[in-house]
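Student: Pasted the sequence and its predicted model underneath.
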Amino acid sequence: MSDVQNILLPEGSIEKKTITLNLGPTHPATHGVFQNILEVDGERIKSSESTVGYIHRAFEKLAERRPLYQITPITDRLNYCSSPINNMGWHMTCEKLLNVKTPKRVDYMRIIIMELARISDHLICNSIVGVDTGAYTGFLYVMQYRELIYEIYEEICGSRLTTNIGRIGGFERNFNATAWKKLEKFLDEYPRVLREFENLFTRNRIFMERTIGCGPISAERALNYGFTGPNLRAAGVDYDVRVHTPYSSYEDFDFTIPVGSTGDCYDRFLVRNQEMWQSLSLIEQAYQKIQDFKGADAEVYHADVPEYYLPEKQKVYTSMEALIWHFKIIMGEIDMPKGEVYHSVEGGNGELGFYLISDGGRTPYRLHFRRPCFIYYQAYEELVKGSMLSDAIVVMSSLNLIAGELDA
Amino acid sequence: MSRPVQFNINSKPVDYNGHISIVGAPEGSGGEGFFATKLSEVVGLARKNSIWPLPFATSCCGIEFMATMGSHYDLSRFGSERVAFTPRQCDLLMVMGTIAKKMGPVLKQVYLQMAEPRWVIAVGACASSGGIFDTYSVLQGIDQVIPVDVYVPGCPPRPEAILDGFMKVQELVGQESLRRRNSEHYKALLESYGIQ
Amino acid sequence: MSLTNEQIQTKLIEKFGEQVSNFSEPYGMLTFEAPKELNLKVLQFLYDDETLKFRFLTDLQAVHYPNDKARPNDPVGWGRELAVVYHLHNLVDNVRIRFKVFTDINTPDVFTATQLYATANWMERETYDFFGVNFVGHPNLKRILNVDEMDYFPLRKEYPLEDQTRIDKDDEMFGRGGSIN
């Protein structure tokens, strides 16, 4: 008589009728490292629990050790898909603390860089939503055009991804002729690409069936959860830091904010897509405005604050004052005024805030990053409860979770 | 004193149609209808041109890897057309990005699940040595938990640098002896990491 | 008519009297503090009041002031070592304020704001993880970013940044310690 082995079921699972599934930190969809433990009943998700912190790099403690310019490289690594926005936000926070006013041309140059970064971030997010629903082509196609954006960054600051771009008060060098030519090439070629990309997805029946109704959130719940950025705008609330508290001369520009209605994945995709068109229009307007500066004005690329602006290397090697300021700034001999300041910018994912408390020393006393991804990831459980397992993946990628910003 | 140039010093002659050159055969003796060479050469040649990587992408270097996989800096022309995320079917573990102490056990478990022969490449400063994050929560280099074959420095390394590291792994794979994985030396190396 | 800082200040003083104190406006943002027992009442008032309408919690975190220890002769016995800072935002009138609550380091109990704002859940877990502030009534107060086995609160000022168990780093190369000192 053969001994039939009973398959051992976990404790209480027949009553619970669920399987515990680990959507673990090593994630096939290359979004970054965070873990979700899901309780699934067949294909329906009953509950989920998220664990983050797998890439916690202690930015806030690190920032207490470093003078202001050394903190810029660590702000790069927050939302690394759009690192110029983080850099500019940090420099603007320092300018607010130190009472530095930037000239208009610098503001327009900053807008060009920030909107390029926003396009780069939204491209990754939208194409990865495509990959997760099975459409790999869009991702491969637009990666080529992200290379154009990287080339523009390289001309200006030397680095592709973690740019460490800019200084307190402006930029380290004026945009040279090659950078402008590359920007013109981008403005020429990119609209056609974006139109082709959106034609692949927006009225595609399979994509629509996958994403409509998937992970919706109402505007009140979204506000209560602290959502900001495209996720909040997809739920119907038109809150955009660029319009509410304009920084860097955004009030001089003419752009609209796309707003969705149900807050599901399809709305988020459409909002991000439309934001890319708005960013393109902003870059074109800023480019036109910069062409209007003539003569000496056209050479301005930083504010005239020698005590905080790290001078150019050519000047350091030839002029005495520049050498002295360079030494003082690098060694951190410049004292910051005491005070606390909070400044926020519209990052790729929402309101990226910097809360800086300075006690007059050479390094901040406390620096806190208000990271949008960390705040809206809490809502993930509510978004996927009751939906199917494949929807959980699509919701995760449409929220645009960047692990660097989640953990900091 | 700069390093001597390592690339394109012996350019390959063109064989067909004026623009195609094929990989040279390994050393051996051949004749009409037969070719005799060492087994390790043939196995190395086959392995090195068909490495299946496992991208263990955690942070910024992962985005540069996505650019490397893209059409501009194509990684699949080296034979890595199929990147899989399952350790059971992959040869090369590419660790890209910062590994925190919370992630260390996960990395070790993924490494243990890979089948021999397996190689590890540490892409980026954070994976090689902790990078700019000399903090209490970051593992200062993945060689604290797993043995590493090639380190690629950079923060993040350019896609060309990642390809250079990949080509060095290809050299290692091509010249590896068939008995290495059973040798005493290798077993001692794994023992030192606590891996049986 | 938009809401000004003076109006907010008058409404707060009218409701809470002497208990809200230390009003200041660094860089244009009204900042004030209240005792830790009242933090929920203040937040609820700011949420419900029809002219104030601070219904968006932008940020919640803590700051450690190790030099402000509890004063032994203080009748109330408040220490001021740990400050929990709330940033609130009125989206309709576009006004931001900052609200601080001080607590001492030996009994860092503060009432949780999760009933009012769902967003405070993870923000309070992060504050607990970094500083050890115990949020009373939080549904799931455990470490979020650091490893679960960690037994100290790393962002307090007395703990160093680097990992002290490393043996491979030569401190002399970094200009500290080594054989010279």
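Tutor: Thanks, I have the structure now. Residues are numbered from 1 along each chain as shown, chains lettered A, B, ... in the order given.

Student: Against which helices or strands is the helix or strand harbouring C:Leu43 packed?
Tutor: Per DSSP states H and E: C:Leu43 is located in helix C:39-48. Counting contacts by 3 or more Cβ pairs under 8 Å, 6 or more residues apart in numbering or on different chains; DSSP states H and E, helix C:39-48 packs against helix C:5-16, strand C:82-90, strand C:95-103, strand C:109-111. Just so you know, the C-beta spots here come from the backbone N, C-alpha and C atoms, and that holds for glycine as well.

Student: among those, which is the most enclosed?
Tutor: strand C:82-90 (a mean of 23; mean count of other Cβ atoms under 10 Å in any protein chain shown).

Student: the inter-axis angle of it versus strand C:95-103?
Tutor: Put simply, strand C:82-90 runs at 160 degrees to strand C:95-103, going by axes from the mean of the first three to the mean of the last three Cα atoms, to 10 degrees.

Student: Please determine whether strand C:82-90 lies in contact with chain A.
Tutor: Yes. On the criterion Cβ under 8 Å from any Cβ of the partner chain, strand C:82-90 is in touch with chain A at C:Val85, C:His87.

Student: and that strand, what does it pack onto?
Tutor: With contacts defined as 3+ Cβ pairs under 8 Å, 6+ apart, strand C:82-90 has these neighbours: strand A:351-358, helix C:39-48, strand C:56-64, strand C:95-103.

Student: what pLDDT, on average, does the shortest one get?
Tutor: Along strand A:351-358, the predicted confidence averages to a pLDDT of 92.

Student: can you check the longest one too?
Tutor: Summarised as a single mean, pLDDT over helix C:39-48 is 90.

Student: Buried residues, it. List them.
Tutor: By neighbour count on 16 or more other Cβ atoms under 10 Å in any protein chain shown, the buried set for helix C:39-48 is C:Asn39, C:Leu40, C:Val42, C:Leu43, C:Phe45, C:Leu46, C:Tyr47.

Student: Show me the beta-bridge partners of the nearest residue to the first one once chain neighbours are set aside.
Tutor: Distance criterion Cβ to Cβ, 6 or more residues apart in numbering or on different chains; nearest residue to C:Asn39, sequence neighbours excluded, is C:Val101 at 4.7 Å. The partner list for C:Val101 in beta bridges (DSSP bridges) reads C:Ala34, C:Val84.

Student: Surely C:Val101 touches C:Leu82?
Tutor: No. C:Val101 lies out of contact with C:Leu82 (Cβ atoms under 8 Å); the separation is 9.1 Å.

Student: Does C:Leu52 touch C:Leu43 like I think?
Tutor: No. The criterion here is Cβ under 8 Å, and C:Leu52 misses it with C:Leu43 at 11.1 Å.

Student: Report the contact partners of B:Cys126.
Tutor: Residues near B:Cys126 by Cβ atoms under 8 Å, 6 or more residues apart in numbering or on different chains: B:Ser59, B:Cys61, B:Gly97, B:Thr98, B:Ile99, B:Ile132, B:Phe133, B:Val138, B:Cys155.

Student: May I have the phi/psi pair for it?
Tutor: Main-chain torsions, B:Cys126, degrees, to the nearest 10: phi -70, psi -40.

Student: how about low-confidence regions in chain A?
Tutor: A:1-16, A:29-30, A:408 (pLDDT under 70).

Student: contacting residues for the residue nearest to C:Asn39?
Tutor: If you count contacts by Cβ under 8 Å, 6+ apart, C:Val101 has them with C:Glu33, C:Ala34, C:Pro35, C:Lys36, C:Asn39, C:Ala83, C:Val84, C:Val85, C:Tyr86, C:Val110.

Student: so which of the residues you listed would you say is closest to chain A?
Tutor: Nearest to chain A, judged by Cβ to the nearest Cβ, of the contacts of C:Val101 is C:Val85 at 7.5 Å.

Student: Spatially, what comes nearest to the closest one if we skip its sequence neighbours?
Tutor: Nearest one to C:Val85, counting by Cβ to Cβ, 6+ apart, is C:Lys100 at 5.2 Å.

Student: ok now do residue 169, which residues does it touch?
Tutor: Going with chain A. Applying Cβ under 8 Å, 6+ apart to A:Gly169 gives the contacts A:His91, A:Glu95, A:Val100, A:Thr102, A:Val106, A:His302, A:Ala303, A:Asp304, A:Val305, A:Tyr308, A:Tyr309.

Student: could you do chain C instead?
Tutor: The contact partners of C:Lys169, by Cβ under 8 Å, 6+ apart, come to B:Gln140, C:Glu162.

Student: gap between stretch B:79-95 and the chain center?
Tutor: Between the centre of stretch B:79-95 and the centre of its chain there are 10 Å (Cα atoms, centre = their mean, to the nearest Å).

Student: For that stretch, what does the pLDDT average out to?
Tutor: pLDDT averaged over stretch B:79-95 gives 88.

Student: Give me the distance between the two termini of that stretch.
Tutor: 19 Å (Cα to Cα, to the nearest Å).

Student: hmm, that stretch in reach of chain A?
Tutor: Yes. Among the residues of stretch B:79-95, B:Phe85 lie within reach of chain A under Cβ under 8 Å from any Cβ.

Student: and if you look at stretch B:44-61?
Tutor: Yes. Stretch B:44-61 reaches chain A (Cβ under 8 Å from any Cβ) through B:Pro55, B:Phe56, B:Ala57, B:Thr58, B:Ser59, B:Cys60.

Student: Quick check: of these, which lies closest to A:Arg146?
Tutor: B:Cys60 (14.2 Å; Cβ to Cβ).

Student: Need phi/psi at the closest residue to that closest one other than its chain neighbours.
Tutor: Using Cβ to Cβ, 6+ apart and skipping the chain neighbours, the partner closest in space to B:Cys60 is A:Tyr80 (4.0 Å). Backbone torsions for A:Tyr80, taken as degrees, to the nearest 10, come to phi -70, psi -10.

Student: State whether A:Gly332 is indeed within a strand.
Tutor: No. Per DSSP: H, G, I helix; E, B strand; the rest coil, A:Gly332 lies outside any strand segment and is coil.

Student: For whichever residue of chain C sits closest to chain A, give me its contacts.
Tutor: Per Cβ to the nearest Cβ, the residue of chain C with the smallest distance to chain A is C:Thr119, at 3.1 Å. By Cβ under 8 Å, 6+ apart, C:Thr119 lies in contact with A:Asn224, A:Tyr225, A:Gly226, A:Ile375, A:Gln378, C:Leu57.

Student: Having no further points to raise, I will conclude here.
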